[in-house]
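**Q** sequence isn't available, so here's the structure alone:
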């Protein structure tokens, strides 16, 4: 059971190349994504209406895609526009998914196209300034909500990422960060004084900093994070408030956009990107950060897939909450509320 | 759900060697096939009646096969004829399947042995003239009816086999061939003028021919095909009729027998053979044709397994038909009719 | 469905090292085993009570184990003793399994801890004399009762182990051994005259001996075996009775403890050990025997996994019995009786 009337991050822009259809499953829906002549992303149901061959094994022809089993041709609206060997027959159209491409990401709306309002896409500042960034994708054999849980509670950094992101700092688990509610999620912030920056080219490994970490986490699973490192004493000088938007005096700054996408029950896709909002961002450092993230997320994956397997071994066993779990509880509630809403008959939903 | 009262092509004769029992599953029935002293193919239920060990792990002794777990011995009629350590006890016999070996193929009857009439086996002229031939076997992770569909509609040749069997000729999909009904299947014929022969040793690659393709396709899934290539102009000279049985003037001639065998739900086996009905058939050319077929059928397998997977992702989604699908619709109807008939109580069937 | 109120052989002592938690599933119950500071084996439910991460991915700290997802700490009684970032909250304890370590094996009681009487563990003389021994572990994709069956009926030695343990002696299958009933199992004994010893360093390969094989087999699946080889004529001289406990005059003597442990439906673990009750036991010979056993048990595994697969292919098909099966029939009855007893309501069981 997945939310339908929502935008899902389907793929990083750079991962869908002209002439190469990409097969993706989002929220149990097999989808083919390809680029039309003008480079726009099109997304169709990945199923030929004739004999159920996947269109993703097909060939892009102009704005259309041809099924490579018997040659039926579909345009980017899902209209069947050619049937080899016969005149057109009705009833062969397939579903076309609303798509929006922004911030280097192709978003797909899996529900009712009439409700697909692009303004509902969470705005990331990751790539809006035109600076370089890096992206990655991982597959998890685990439910997407377990990955949401992971990202809504950074207390695990002290254990799962002990030697990478955590750098031996037990404060991650021993102090609960500040959390406020957003309409569709949560906002989490914390100052950590005198902490270390993970190994990065150009950063003195002995350096201690005051680090400000803040992120919004909104449903279905979007993390927009800043990690700003300042000289020692900055946290106290700012009375543990928000650092200036100008980032003046910052030693090291990272921005990250991460999207958790349900694939099927127990399978998920994790899209992640990083940038340095400084000009120019040194490529070497960006490569190091995306490499660090990829490694750290594989640490998460090891644990989360083991957690998924354990949950399956103990059917009916409830997950319990600690003080650290206030954020994930809110995100799970928002998702459940949306699922309940979508499960209601259309007339009830319209009346709300 | 598979037809039971029918002959299935179990294996090519050359693939069952003396002293080497072969495990095969046909239509959900695990079967062991072995050769008796006089070389006759015997087929038993692949299950020792004692503790369910597979007899196919056993040892052939004369006309019998000994279970290699505790030593029970079964003759080719399925009679248990020895129980080590004790006198014979009743009730240990296993099912023996009627078998017929003809045209280089071992056929097995999976239903009521009393109905196993050898004259119901489709007659192939593939090997009846004593000329050399080549055989192959492939496993498909797909329902056998999807492979039947594929072979009843050659419009896919233009796409799936674009660079192999199709040789870029779009006529495969743009023109519907002539089709007539057989009692247990269909007969499909077509002339293609000025087409190319797939790459073959001894055949000039620039050669254009008039090609006559004709095949019978009968249930549960047997294709008997001829591909006769004649000099340009032959089709018109024959007024697009049947070429002479003598094949006089033919440039290049292929005969093929192909058998599609259901293994279990969603699993199938594909037996295929080719010969040249000319004397002598050059081995080099036969090797080339079986190699081409094997490669082309792997193109089919890629598509059909993807189709099977897509069907499973869209449960309840109907397959739709085009003009090309008249043949497969008839074959599916014949299969469904036989399945319905077999599902009826015995007394109703007897009364029919 | 597995017996709960019973001791299962979880692991050989040497396979659970200090500081290295081991994940084991026994009778459908995922368990983590680790050693406390004083070396005692502790066994907890392998599931953190917080978010279902497996404790076996955690870290041993003194007598406790820390979940490596969010840091909850559990002592060897299953008590949650630390929750990072907050005061202790109730309800976070996990189940602790009674454990006993004896005869080089860690035994775990999977049922009601109040009933965990260590005197119910079958006593093996394998290691009680302080002599060297060797151990091994194998995983079987088969139900544990099929392995029990195998070990309660050595008639298979003539076939499955023809060239290893059987040494071509068909008497294994053609003569039924003496069998008596034990309270929780069976006792099987036999003399074989003039038989060969499997290839062993220091044993003349042409040597023929009178061999006395005797074993107890008790539920849920414990084999305690002696194989004593004496000079020719000994069997008759002893009137086929029990050889002296002193083993005086014995040419070659083996003791073996084997434990069959259900993992999940259709999965089992096989723990086996061998020793020579002679002083000193030559290491070279012990290595040869454990190697021979390992190879022979892989012969069993090939057959038993094929048997399991065949049983699954013929649902509802009963296993039949021969004269050789009296022992396994009794063991299966004892297991079924215990399962029926445990399925009864607690008040009925208490009244019995």
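**A** Yep, that arrived. Everything numeric in this text was worked out from a predicted model, so none of it was measured. Numbers count the residues shown, from 1 in each chain, chains lettered A, B, ... in the order given.

**Q** quick check: domain ranges of chain A?
**A** A:7-120, A:133-335 (automatic domain parsing).

**Q** end to end on the longest one, go ahead and measure it.
**A** Pointing back at domain A:133-335 there. 30 Å (CA to CA, to the nearest Å).

**Q** measure residue A:65 to residue B:323 for me?
**A** Distance, residue A:65 to residue B:323, by CB to CB, to the nearest Å: 22 Å. Quick note: C-beta positions are derived from backbone N, CA and C, even for glycine.

**Q** and the one residue in the stretch 101-250 of chain A that gets nearest to chain B, what does it touch?
**A** Across the stretch 101-250 of chain A, the shortest distance to chain B (CB to the nearest CB) belongs to residue A:110, at 14.4 Å. Residues in contact with residue A:110 (CB atoms under 8 Å, 6 or more residues apart in numbering or on different chains) are A:2, A:4-6, A:8, A:26-27, A:29, A:97.

**Q** coming back round to it: could the domains of chain A go into CSV alongside distance to residue B:310 and mean pLDDT?
**A** Formatted as CSV, these follow (distance: least, CB to CB, whole Å; pLDDT from 0 to 100):
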stretch, distance to residue B:310, mean pLDDT
domain A:7-120, 5, 97
domain A:133-335, 14, 94
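
**Q** which single residue of the stretch 151-300 of chain A ends up nearest chain C?
**A** Counting by CB to the nearest CB, the stretch 151-300 of chain A gets nearest chain C through residue A:173, at 4.0 Å.

**Q** give me the contact list for the host helix or strand of that residue.
**A** Element membership of residue A:173, judged by DSSP states H and E, is helix A:171-174. The contact list for helix A:171-174 (CB under 8 Å, 6+ apart) reads A:154-159, A:166, A:192, A:195, A:324, C:70-71, C:84-85.

**Q** quick check: bridge partners of the spatially most central residue of chain A?
**A** The residue lying closest to the centre of chain A (CA atoms, centre = their mean) is residue A:259, at 0.5 Å. Taking DSSP bridges as the rule, residue A:259 bridges to residue A:222, residue A:271.

**Q** now, the most widely separated pair of the contacts of residue A:110?
**A** The most widely separated members of the contacts of residue A:110, counting by CB to CB, are A:2 and A:97 (14.2 Å).

**Q** near chain C, which residues of chain A?
**A** Counting by CB under 8 Å from any CB of the partner chain, the residues of chain A close to chain C are A:149, A:153, A:155-156, A:158-160, A:170, A:173-176, A:302-303, A:306-307, A:309-311, A:313-314, A:317, A:319-324.

**Q** any idea which helix or strand carries the closest residue to residue A:186 other than its chain neighbours?
**A** Taking CB to CB, 6 or more residues apart in numbering or on different chains as the measure, residue A:186 lies nearest to residue A:327, with 4.6 Å between them; neighbours along the chain are not counted. According to DSSP H and E, residue A:327 maps onto helix A:326-343.

**Q** next secondary structure after that helix?
**A** Using DSSP H and E, the helix or strand that follows helix A:326-343 towards the C-terminus is helix A:346-351.

**Q** tell me the secondary structure for residue A:214?
**A** strand (DSSP: H, G, I helix; E, B strand; the rest coil).

**Q** who does it bridge with?
**A** residue A:189, residue A:226.

**Q** burial measure for it, as a count.
**A** 18 (other CB atoms under 10 Å in any protein chain shown).

**Q** look at residue A:11 and give its secondary structure.
**A** Classified using three-state DSSP, residue A:11 is strand.

**Q** how close does it get to residue B:197?
**A** For residue A:11 relative to residue B:197 (CB to CB), the value is 43 Å.

**Q** with adjacent residues omitted, what lies nearest to residue A:112?
**A** Using CB to CB, 6+ apart and skipping residues adjacent in sequence, the residue nearest residue A:112 is residue A:5, 6.1 Å away.

**Q** ah, wrong one, I meant residue A:249
**A** residue A:230 is the one closest to residue A:249 (CB to CB, 6+ apart), at 6.1 Å.

**Q** what about the strands in the stretch 1-150 of chain A?
**A** A:7-12, A:22-26, A:29-35, A:41-45, A:59-61, A:64-66, A:73-74, A:80-82, A:96-97, A:99-102, A:105-109, A:133-140 (DSSP state E, counting those that start in this stretch).

**Q** mean neighbour count added to those, as TSV?
**A** Formatted as TSV, those follow (neighbours: other CB atoms under 10 Å in any protein chain shown):
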stretch	mean neighbour count
strand A:7-12	25
strand A:22-26	19
strand A:29-35	23
strand A:41-45	24
strand A:59-61	16
strand A:64-66	22
strand A:73-74	22
strand A:80-82	17
strand A:96-97	20
strand A:99-102	17
strand A:105-109	24
strand A:133-140	18
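
**Q** export these to JSON lines and tack on distance to residue C:76?
**A** As requested, the strands of the stretch 1-150 of chain A are exported to JSON lines (distance: least, CB to CB, whole Å):
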{"stretch": "strand A:7-12", "distance to residue C:76": "45"}
{"stretch": "strand A:22-26", "distance to residue C:76": "44"}
{"stretch": "strand A:29-35", "distance to residue C:76": "48"}
{"stretch": "strand A:41-45", "distance to residue C:76": "54"}
{"stretch": "strand A:59-61", "distance to residue C:76": "62"}
{"stretch": "strand A:64-66", "distance to residue C:76": "61"}
{"stretch": "strand A:73-74", "distance to residue C:76": "63"}
{"stretch": "strand A:80-82", "distance to residue C:76": "67"}
{"stretch": "strand A:96-97", "distance to residue C:76": "54"}
{"stretch": "strand A:99-102", "distance to residue C:76": "54"}
{"stretch": "strand A:105-109", "distance to residue C:76": "49"}
{"stretch": "strand A:133-140", "distance to residue C:76": "33"}
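
**Q** and the contacts of stretch A:285-305?
**A** For stretch A:285-305, contacts defined as CB under 8 Å, 6+ apart pick out A:132-136, A:138, A:140-142, A:146-147, A:150, A:156, A:160-161, A:164-165, A:198-203, A:254, A:256, A:270, A:272, A:274-276, C:53, C:57, C:68-69.
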